[in-house]
Each structure stands twice: as structure tokens, then as C-alpha cells.
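Participant: build me a model from this:
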Amino acid sequence: MAEGRLRRGCSYKKTTWVVCSINIVIALYVLRSLYSSLYIYSGNVSRNIVKYTPDQMRKMEESIRIRRASEPLELVKLVKVIKEEISRGEEVVQLPGPLKQKITDEILVRLKSLNGSANTTQQQEAVESWRREKLEEAKQLTLNKGTLNPTIQYEEAGMMVRALESDWAVLSEGIGLWIPGEVINKEHDDKPEGVEDLEDQILPGRPIPTECHAQLHTDYDGAAVRWGLTHHKESAADCCQACLDHAKRAKPGEKKCNIWVYCPSEDGCHSPDIYQHKHQECWLKSAEKPRLNFKDKYPDSYRNSHPTAPFVVPWVSGVITA
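Facilitator: Purely as a prediction, here's the structure:
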């Protein structure tokens, strides 16, 4: 019985020794394989390194020097300066609400100081005089020179200089300052003798097709699919035809023109935006539910807030039905 136990013990030891030996051999083989792969990789990398001769290095340095010398450095600097100026011009200063209201009140006080018979030129001169005075005061504050009894705070001086100088046109529009200047719509400046005269206008050019549904003295709203500022047509009929053509050529998913708005007046047409609309402008628009901006005459309330507006709507428009 004791001899059997001894044999079993010896067989366990032998088995353990054999397994350990096999593991050691496998580990050595794996290590050798990894070392061989690393050696081969490093050898390939070292063989791929390109060595240049001194003459080749000299030629490369010479080519780099010639390329740098031929770069239009002055032109690059000029383009950079122009881009910076454009970006600065596009950034319009935003005045705080209380400061904007303060400017509005001061301008109103200056205008009210004029007598009731003051014409538009005198009103413009009064506003311009106020702007120059306020601009000078703001500039003095920014230079830490100060003025007697300043009407603006030091923190506001920088914004005031920008707003009253380069952004004056934007500020004027933002506070609702509309002083009549050069007359654009001369034929509509005075009130017509009768409403019947509104329908007496004869549009130049060929007759307008019936499918255009032309309406005199009418301005329709809608999303512009073609800006009239750069899109002019010889007649209202041509403008309508451009709308019809646009609707036919529109691809699936694109907005189709179903509203055309044309300026037949040789002196231009009024609009409440910031642009000066000229003769033969042709606006192509799209709207699921066309909505009128103005029809026949501008309301008195509108003309009170927009003194440059004529009495009669100068545009001619039409809605095309599919």
C-alpha cells in the first residue's frame, strides 16, 4: 500500500515537471519571435531613411529661398488688412436700450426747438449739428480730456463714437429717424386730386398677360427667390414672364415663384427697408398664402412714421395661380 502511494507521488511530480518544461519552451519561443520581428522592423526603418548629399541639400535650400522670395508678401498683407476692415465694418455696435432712448429723446428735443415752419433742410441741419456736438463730446471723453457738464458717461463714450460716426445710418434707422431728403418718387409726392387717378396709370411695354393677374399700386409680401436689386426687366410683362419661367424650371423641393413685384416708376419706388429701389426692379417671390404689404395708398399712420413715403403705392404686382 505504501509503495503504491509512492509511485503515485512520483508520477505527479513528473507530470508537473513536464508541463512546466513545455511552458518554458513556449515562452522562450514567443520571446524569440517578438525579438526577431522587432529587429526586422527596425532594420526596414533604417533602410528606408533617405540620405541626401551636400549638393542636394544646397539645392533644396536654394529652392526654398527662391519660393519664399517670390511670395507676394505685400499683397498678402494688403488682403489681410482689407479683410480686417470688412469684418470691422460688418460688426455694428449695439447700443444699450437706455442709451438709445436717450439719443432719441435728445434728437426730438432738438427738432422741437425749431419753429413749425422749418423745412426738411433745416431739420437735417439741426440733427447733423446735434450729431457733431455729441460726437465731439464723446471723443473728448475717450481721450480722458473731459468736458464741462458732460451729458454721457465715460463708459458710453466709445460706443457713442462708433454709433455716431461709422454706424450713424444704422443707428438712424434703428431709432426711427426718417427725415425727407432727396425726393425719389416725385410723381407721387403730392396727393392726387381724386382716387380715380390711381387707375389711370399706363404701364410701358407690351401688354401684361391675363395669367399674371397684374394689380396697379400694389406691393405683395413673400420670400424672395430672386432679388430685384440685381434683377431688372424692361416691362411688367417681362417681370411676370420671369416668374412663370422660374416656376417651370424649379426643381423638386425648391420654392417656386408665384408672386412678382415690379417698379414701373422712372424715379424709383419707395419701400420701408434700407435700400434705394430703382426703375425696372423685378422681384420674384414665393408664398403659400400671398399677403399684401400695401394697396393703393400708404396709410396715414405709416406716412407719419415714414415721412419719405409717397401718397400712392408705386409698385405693380401680381399673384400667379398654378
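Participant: excluding its backbone neighbours, what's nearest residue 206?
Facilitator: Leaving aside its sequence neighbours, residue 206 sits nearest to residue 237 (C-beta to C-beta, 6 or more residues apart in numbering; 4.9 Å). From N, CA and C alone the C-beta is placed, and that goes for glycine too.
Participant: next SSE downstream of the lowest-mean-pLDDT helix or strand in the chain?
Facilitator: In the chain, the helix or strand scored least confidently by mean pLDDT, DSSP states H and E is helix 73-90, which has a mean of 65. Using DSSP states H and E, the helix or strand that follows helix 73-90 in sequence is helix 97-112.
Participant: list the buried residues for whatever helix or strand comes next after that next one?
Facilitator: The first helix or strand that comes after helix 97-112 along the chain, using DSSP H and E, is helix 120-142. The neighbour-count check on helix 120-142 (16 or more other C-beta atoms under 10 Å) flags 123, 126, 127, 130, 131, 134, 135, 137, 138, 139, 141 as buried.
Participant: next, the angle helix 97-112 makes with helix 120-142.
Facilitator: In terms of direction (axes from the mean of the first three to the mean of the last three C-alpha atoms, to 10 degrees), helix 120-142 departs from helix 97-112 by 140 degrees.
Participant: low pLDDT regions in the stretch 1-150 of the chain?
Facilitator: 1-10, 36-50, 82-94, 115-118, 144-150 (pLDDT under 70).
Participant: thought residue 107 was touching residue 130?
Facilitator: Yes. Counting by C-beta atoms under 8 Å, residue 107 does reach residue 130; the two are 6.2 Å apart.
Participant: on that earlier part again, what count of nearby residues applies to the residue nearest to residue 206?
Facilitator: 19 (other C-beta atoms under 10 Å).
Participant: what do you get for residue 169?
Facilitator: Residues near residue 169, counting by other C-beta under 10 Å, number 11.
Participant: same check, this time on residue 56
Facilitator: Residue 56: 11 neighbours (other C-beta under 10 Å).
Participant: check which helix or strand covers it.
Facilitator: Per DSSP H and E, residue 56 falls inside helix 54-70.
Participant: sorry, back to before: which residues sit in contact with the residue nearest to residue 206?
Facilitator: 205, 206, 207, 208, 209, 212 (C-beta atoms under 8 Å, 6 or more residues apart in numbering).
Participant: for the fifth one, give me phi and psi.
Facilitator: Phi and psi for residue 209, reported as degrees, to the nearest 10, are phi -60, psi 150.
Participant: please apply the same query to the first one.
Facilitator: As for residue 205, its main-chain torsions (degrees, to the nearest 10) stand at phi 90, psi -170.
Participant: strands of the protein, residue ranges please.
Facilitator: For the chain, applying DSSP state E gives strands covering 214-215, 218-226, 259-262, 282-295, 316-319.
Participant: average model confidence for the shortest one?
Facilitator: In this model, strand 214-215 has a mean pLDDT of 92.
Participant: which strands or helices does it pack on?
Facilitator: strand 316-319 (3 or more C-beta pairs under 8 Å, 6 or more residues apart in numbering; DSSP states H and E).
Participant: packing partners of the strand it packs on?
Facilitator: strand 214-215, strand 218-226, helix 236-249, strand 259-262.
Participant: using TSV, lay out the ones you listed together with distance to residue 277.
Facilitator: Compiled in TSV, those are given as follows (distance: least, C-beta to C-beta, whole Å):
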stretch	distance to residue 277
strand 214-215	18
strand 218-226	11
helix 236-249	13
strand 259-262	10
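Participant: to residue 69, which of these lies closest?
Facilitator: For residue 69, the closest of the helices and strands packed on strand 316-319 is strand 218-226, at 48.2 Å, according to C-beta to C-beta.
Participant: neighbouring strands - and their directions - for that closest one?
Facilitator: According to DSSP bridges, strand 218-226 forms sheet pairs with strand 282-295 (antiparallel).
Participant: could you give the angle of the strand it pairs with to helix 236-249?
Facilitator: Here the directions of strand 282-295 and helix 236-249 differ by 110 degrees (the same axes, to 10 degrees).
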